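**Student:** need coordinates for the following:
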Amino acid sequence: MLEATAPTRNQDQNHGQGQGSREPRRRRGAAAARGLARLVAGAGVRAAAWRTRLGGWVAARPLVAAAALIGLGWLPYLVILFPGTYSWDGFRQLNEFYEYQPRTTHHPFMATLLMGGLFAAGRGFGVNAALFGYSLVQAGLACLVFAWTCGRVFRLAAAVWRRGWAFAAWAVATAFFALNPVFPVAATTVFKDFPYALGLLTLVNVLVGAVLRRSLSARGMVVFVLGAGATAAFRNDGIVIALAATAGLALILRPGRQRRRALMAGGLVGAGLVLANAAVFPAMGVTKYSNAEMLSLPLQQTARYLRDHPDDVTRAEAATLQSLLKDGRRVEELGANYKAVVSDPVKNRFASFDADRLRRYLGVWWSQLLKHPATYAKATAANTIGYFVPHRQSEIAPISYPRQIHLKAGYWDDLKAKLSRPEADFDPSYPPALAGARAGLIKAVRAVLPASVIWPAFTPALYTWLLAVCAALLAWRRLWRQLWPFAPAGLCLLVCLASPVNGNMRYALPYVVSTPLLVAFALHALATARSRGWPMPSSTPDQPARPPLAPGRSPTRPPAGARRASPGGRVKTE
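**Tutor:** Numbering: from 1, shown residues only. Now for the predicted structure:
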């Protein structure tokens, strides 16, 4: 039987030394943990302070902050795509400006003069200087208009939401313009559609401000004239949108001097453009181009009818259509060359329409519609579905322009052969050192966008439905005056539906760039209407509307005398 033995003196000393050595380690560990906690807390406080300062700086200068971020996002494109890019239409307009081709009204000649004049301003320093100067001026104007739009988005959101949500709305709008590759590529490309989009966005900005204030300053009137002039000058159908915006502005403003000024400003823009097209441009040798493009949709319907029902075409109808074609073209070619998504192979075979030719064509169009209306409906859907249903596109204009210039074999030579004299008057010299970066950027954008989860953002359909839902909500709440800023974008969509190409991002660019502002404006209008207790269609006697706010009160701002916490933690009195 074993007996318990008492611990020796050496064992007691060793045990005491072990406890003594562990105790300092515990104290050091606790001290380290407290230090780490204070460090994390201090970092959090400093981060919160920086966020507060950044939020305050953005709140005070939303336009400057947005312009800086948009410029930073566009800088790689300006460097890698130096000195710039031509589109097919832009190259043709430069040729007409220098009279390398006959001057026509196929593209607005006012736009041709403005684009050619800007290019010619730097032409004395070389083609690269002219093209890069054009890109810089266009990018600078776009950056300014987009930053102005982002600043207005911030102010709209701040009027009805807390600053954090307003900052988030501003950040989303700024990221949309800064990170979307469509915009920097468009800014470095010679083509009329981007200035047209900037002009229409300017009109939307002015209309939004007029709805909010029911007045327009002298500076705002000047900005409106510039926007209306750009919209009317850079697209043949832009004058309709400019005049519609003028009518909307006049109805928004209070009766009196400002309304008369708005009508006078719009009238001067319209009258000046009509006078230039009727008298000035013909004196400069500008001839009228075929207006068959305006009939793209009905011509597509006729071509599909001829393809699907050739036996139902009467001799009289065939003879009438034959008399409307250009010399050397045959009626049988219309059905054979019909393409569902683009009308160019059909419309380019028709000569220009005068009143008599148009009357004869509409007679054939109507008789065939009565016989096969379903065929017409199918042709319409095939030519417009891209503006309502998102679809993946391998070519997204204007992103496709640099790829065609730099990576498509023979494209540049074909462009020059068809649209220019042999002289290298417009040939830029692209830096060989950037060749790899150009090819990598173009291939990366083309490979990533159609395959990524955000590919619907690069189709017009997403923006069509966003604007349609916002407009429908405003109409449902009976906010009729708030619908006027949607008029330019809505008319642009109607023009797209009648355009020669289905679902083309280039044609939809004006209402695409207007979407962030119009969505923010619609949410602001709905929130303001709800807070003020305006009559709602869903209101019932059991659920009376809320009493209206006092004049000048913001829906989210506390009443006078209320105490609230400032960003720094101090309590302030309103």
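**Student:** all contacts plus neighbour counts: C-alpha atoms, from now on.
**Tutor:** Fine.
**Student:** buried stuff in stretch 488-503?
**Tutor:** 488-493, 495-503 (16 or more other CA atoms under 10 Å).
**Student:** export that stretch as CSV, just CAs?
**Tutor:** The C-alpha coordinates for stretch 488-503 follow below in CSV (Å, rounded to 0.1, in the frame of the first residue of the first chain):
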residue,chain,number,x,y,z
PRO,A,488,-37.7,65.0,-74.2
ALA,A,489,-36.7,61.4,-73.2
GLY,A,490,-40.1,60.1,-74.3
LEU,A,491,-39.9,61.7,-77.7
CYS,A,492,-36.4,60.4,-78.1
LEU,A,493,-37.7,56.9,-77.4
LEU,A,494,-40.4,57.4,-80.1
VAL,A,495,-37.7,58.4,-82.6
CYS,A,496,-35.7,55.3,-81.7
LEU,A,497,-38.7,53.1,-82.4
ALA,A,498,-38.9,54.6,-85.9
SER,A,499,-35.1,54.4,-86.4
PRO,A,500,-33.4,52.1,-88.9
VAL,A,501,-31.7,50.0,-86.2
ASN,A,502,-33.2,47.8,-83.5
GLY,A,503,-32.0,48.3,-79.9
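**Student:** pick the one among the buried residues of stretch 488-503 closest to Pro516.
**Tutor:** Ala489 (12.0 Å; CA to CA).
**Student:** picking that back up, just give me the closest of the buried residues of stretch 488-503 to Val79.
**Tutor:** Once CA to CA is applied, the member of the buried residues of stretch 488-503 that ends up nearest Val79 is Gly503, at 30.0 Å.
**Student:** now the closest one, nearest residue through space, not along the chain?
**Tutor:** Of all residues not flanking Gly503 in the chain, Gly386 sits nearest, at 3.9 Å (CA to CA, 6 or more residues apart in numbering).
**Student:** quick one, what contacts the one you found?
**Tutor:** 459-461, 502-504 (CA atoms under 8 Å, 6 or more residues apart in numbering).
**Student:** what's the helix or strand for the spatially most central residue of the chain?
**Tutor:** Nearest to the mean C-alpha position of the chain, by CA atoms, centre = their mean, lies Val513 at 2.0 Å. Taking DSSP states H and E as the definition, Val513 sits inside helix 505-531.
**Student:** which elements pack onto that helix?
**Tutor:** Counting contacts by 3 or more CA pairs under 8 Å, 6 or more residues apart in numbering; DSSP states H and E, helix 505-531 packs against helix 127-160, helix 193-213, helix 460-476, helix 487-497.
**Student:** contacts for the second one, please.
**Tutor:** With CA under 8 Å, 6+ apart as the contact definition, helix 193-213 has outside contacts at 138, 142, 145, 149, 186-187, 216, 220, 223-224, 226-231, 233-235, 245, 248-249, 252-253, 481-482, 484-486, 488-489, 506-507, 509-511, 513-514, 517, 521.
**Student:** may I see the buried residues of that helix?
**Tutor:** Residues of helix 193-213 classed as buried: 193-211 (neighbour count, 16+ other CA under 10 Å).
**Student:** so Gln101 is in contact with Ala417, correct?
**Tutor:** No: using CA atoms under 8 Å, Gln101 is not in contact with Ala417, being 11.9 Å away.
**Student:** show me which of these two is the more surrounded one.
**Tutor:** Remark: of Gln101 and Ala417, Gln101 carries more neighbours, 15 against 11, as counted by other CA atoms under 10 Å.
**Student:** ramachandran coordinates for that one?
**Tutor:** phi -130, psi 160 (degrees, to the nearest 10).
**Student:** also Thr189?
**Tutor:** Backbone torsions of Thr189, given as degrees, to the nearest 10, read phi -120, psi 140.
**Student:** hang on, isn't it packed against Thr85?
**Tutor:** Yes: between Thr189 and Thr85 there is a contact at 4.6 Å, judged by CA under 8 Å.
**Student:** anything in contact with each of these two?
**Tutor:** With CA under 8 Å, 6+ apart, Thr189 and Thr85 have common neighbours Tyr401.
**Student:** show me where the stretch 251-400 of the chain has helices.
**Tutor:** Ranges of helices in the stretch 251-400 of the chain, per DSSP state H, counting those that start in this stretch, are 257-275, 281-283, 296-308, 315-324, 332-336, 344-347, 355-371, 373-384, 400-406.
**Student:** to Pro432, which of these lies closest?
**Tutor:** helix 400-406 (11.6 Å).
**Student:** report all helices and strands that the closest one contacts.
**Tutor:** Contacts defined by 3+ CA pairs under 8 Å, 6+ apart place helix 400-406 against strand 85-86, helix 411-419, helix 435-451.
**Student:** ok, residues contacting that helix?
**Tutor:** Contacts for helix 400-406 (CA under 8 Å, 6+ apart): 81, 85-87, 189, 411-412, 439, 442-443.
**Student:** possible to save those residues as TSV with pLDDT and distance to Ala173?
**Tutor:** Formatted as TSV, the contacts of helix 400-406 follow (pLDDT from 0 to 100; distance: CA to CA, whole Å):
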residue	pLDDT	distance to Ala173
Leu81	92	25
Thr85	91	26
Tyr86	89	28
Ser87	89	27
Thr189	93	23
Tyr411	77	36
Trp412	76	36
Ala439	88	29
Ile442	84	24
Lys443	82	26
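**Student:** name the nearest of those relative to Arg307.
**Tutor:** Nearest to Arg307 among the contacts of helix 400-406: Tyr411, at 31.5 Å, using CA to CA.
**Student:** what about that closest one, distance to Leu299?
**Tutor:** Going from Tyr411 to Leu299 by CA to CA, to the nearest Å gives 29 Å.
**Student:** higher neighbour count, the two?
**Tutor:** Between Tyr411 and Leu299, counting by other CA under 10 Å, Leu299 is the more crowded of the two (23 against 14).
**Student:** so that one sits against Pro345, correct?
**Tutor:** No: proximity of Leu299 to Pro345 does not meet the contact threshold set by CA under 8 Å, at 10.5 Å.
**Student:** what residues are shared contacts of the two?
**Tutor:** Common neighbours of Leu299 and Pro345 (CA under 8 Å, 6+ apart) do not exist.
**Student:** is Phe75 within a helix or a strand, and which one?
**Tutor:** No, residue 75 isn't Phe; it's Leu. With DSSP H and E as criterion, Leu75 is part of helix 62-80.
**Student:** name the residues of that helix that are buried.
**Tutor:** 62-67, 69-71, 73-74, 77-78, 80.
**Student:** and these, which two are furthest apart?
**Tutor:** Pro62 and Ile80 (28.3 Å).
**Student:** in contact with Thr104, which residues?
**Tutor:** Contacts of Thr104 (CA under 8 Å, 6+ apart): 96, 286-289.
**Student:** and the closest residue to Trp484 other than its chain neighbours, how close does it get to Val204?
**Tutor:** Residue nearest to Trp484 in three dimensions, not counting chain neighbours: Gly248, with 5.9 Å by CA to CA, 6+ apart. As defined by CA to CA, Gly248 lies at a distance of 11 Å from Val204.
**Student:** what's the overlap in contacts for these two?
**Tutor:** Shared contacts of Gly248 and Val204, defined by CA under 8 Å, 6+ apart, comprise Pro485.
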